[in-house]
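1. Build the 3D model from these lines:
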Amino acid sequence: MTNEIYKKLTQLQWLLHKQQMRHWAENGPMADTTRGQGRILAVLRLRDGISTKDMFYLLGVQVSSLNELLSKLEKNGYVTREPSEQDKRVILVRLTDKGKSEQPPQPLGLDDIFTCLSDEEQEDFGEYLDRVIAALHDKFGDDDAEMLEKCKNSGQCLATR
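-> Modelled structure (predicted):
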């Protein structure tokens, strides 16, 4: 029975991944605010004209990775990089009109996945999953417990993988 449950969970994981890939294909790479270029656009929507140093700090990525992503965004006309008026050594990143007009991401559409279950069944299923997750934490440790908690609280666990 355990093997059968594992197979079903693997199939569920595959179907959820397939749904995420379909969403990405329909909405493009800018729609994923948890990864790459979409993540930078999300930061700039919150604070346009941020310095590359502040963006590096906020996103926690390698400077080379940030510069590569910014170069792609700049090449495609979404952002500009320009020296600060106060300190020419500081580079500010700003959204262009094209970057501002880029539509915020559409929801992934996961709300209806579990409507085949009653509210009580959904609650029970959630509790079962919590127990399995807790057992795996006990067995393998809590090295990534903070990441899993953030994932759980954000509701975007698929997008962070």
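
2. what are the ranges of the helices in this protein?
-> Here the chain has its helices, by DSSP state H, at 2-27, 36-46, 52-59, 63-75, 97-101, 119-140, 145-154.

3. Mind putting those helices into JSON lines with mean pLDDT?
-> Below are these laid out as JSON lines (pLDDT from 0 to 100):
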{"stretch": "helix 2-27", "mean pLDDT": "81"}
{"stretch": "helix 36-46", "mean pLDDT": "86"}
{"stretch": "helix 52-59", "mean pLDDT": "89"}
{"stretch": "helix 63-75", "mean pLDDT": "92"}
{"stretch": "helix 97-101", "mean pLDDT": "88"}
{"stretch": "helix 119-140", "mean pLDDT": "89"}
{"stretch": "helix 145-154", "mean pLDDT": "56"}
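
4. Tell me how many other residues crowd G60.
-> Neighbourhood size, G60 [other C-beta atoms under 10 Å]: 7. For glycine as for every other residue, the C-beta is placed from the backbone atoms N, C-alpha and C.

5. Got the phi and psi for it?
-> When read as degrees, to the nearest 10, the backbone of G60 gives phi 60, psi 40.

6. Begin at 42 from now on, thanks
-> Yes, from this point I'll number from 42; that puts the last item at G101.

7. residues contacting it?
-> Residues near G101 by C-beta atoms under 8 Å, 6 or more residues apart in numbering: none.
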